[in-house]
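Undergrad: give me the fold of what follows.
(one chain, ligands or ions: 1)
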Amino acid sequence: MVDDPLLRFQEDRRKARDAKDPMAAVCVLATVDEDGLPQARTLVLRDIAEGLAIYINASSPKWQQVQGVIALQTWWPSLQVQYRMQARCEELPATHIAESWQLRPDMPKHLDWLYEQIAQGSAVEDREDLLAQLDTAPRPEPLVAPPNARGLLLLPQSIERLDLNQTNGVHERRRYTLHADQWAVETLIP
Ligand SMILES: Cc1cc2nc3c(=O)[nH]c(=O)nc-3n(C[C@H](O)[C@H](O)[C@H](O)COP(=O)(O)O)c2cc1C
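TA: Next up is the predicted model:
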C-alpha cells in the first residue's frame, strides 16, 4: 500500500473525531509577519472536496503572511499524534466562499462586515465601542459574503507525523516530502 500522508492524516483525524477529541476540528497556523516575527493562531481546519482548507479575513495582517509558505500543526490527545506541515496556499474561488460563508452563524457574519470598515485586529476603545460599531456597521440585506471573506486551499509540501502511542516508549517520527507529485518518506529520530 502507498504510504500517503494525506490519507493517513484524514484517517487519524477521523479517529480523533470518533473519539470526540476537541482538537480534531482545529489546527495552529504559523506565519512570519512583516517584521520577521513568528505569529501563531488557532483556526478551524476544514475538509473540502479539494483537500484541507482554512477560512480567514483579508483585512487581517495574516492575509499577507499566507501568500508564501505557511506552517500548520495539529495535536490530537485522544490518539497521541502530532502532525506538522509546511504548505503552499491557493486562494479558493469567490463562488466557493459565497456558498460556504452562508453557513456561518449570524455574529461572525456581522463581524465579517465590520472588518470591511475596520480591519480585524484593530484596537477599539473598549468592548462597548466594539459592540456599538458591530451594530452600526453597514451590511447588506440579505447578507452575502463581503469581499474580504476569503478561503485558502492548503497544499502540503512536507508533512511530519509524530506518534507517541508506542508500547516501547520510543515515539515514531516520520517525515514525508513531496517530490514531483510523489511522497518520499524518512524515519527521523524523535
Ligand atoms: C477554536 C478556535 C477556532 C478559530 N477559528 C478561526 C478561523 O477559522 N478563522 C479565523 O480567522 N480565526 C479563527 N480563530 C481566531 C484566531 O485564532 C485569531 O484569534 C484571529 O484569526 C486573529 O488572528 P490574527 O491576529 O492573526 O489576524 C479561532 C480561534 C479559536 C480559539
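Undergrad: quick check: buried residues in stretch 64-78?
TA: Residues of stretch 64-78 classed as buried by neighbour count (16 or more other CB atoms under 10 Å): 65, 66, 70, 71, 72, 74, 75, 76, 78. C-betas here are computed from N, CA, C, even on glycine.
Undergrad: name the residues of the chain found near the ligand, please.
TA: Contact residues of the chain with respect to the ligand, defined by CB under 6 Å from any ligand atom, are listed as 26, 39, 41-44, 55-57, 60, 62, 120-121.
Undergrad: for the nearest residue to residue 52 once chain neighbours are set aside, name its beta-bridge partners.
TA: Taking CB to CB, 6 or more residues apart in numbering, and ignoring the residues beside it in sequence, residue 52 has residue 154 as its nearest neighbour in space, at 4.5 Å. On the basis of DSSP bridges, residue 154 takes part in beta bridges with residue 52, residue 89.
Undergrad: what segments of this structure are strands?
TA: All strands of the chain, identified by DSSP state E, fall at 26-32, 38-44, 46-48, 51-57, 69-76, 81-91, 149-163, 172-179, 182-187.
Undergrad: give me the sheet partners of the first one and which way each runs.
TA: This means strand 26-32. Strand pairing for strand 26-32, determined by DSSP bridges: strand 38-44 (antiparallel), strand 69-76 (antiparallel).
Undergrad: same list (these) but as CSV, adding mean pLDDT.
TA: Supplementary listing: those in CSV, determined by pLDDT from 0 to 100:
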stretch, mean pLDDT
strand 38-44, 98
strand 69-76, 97
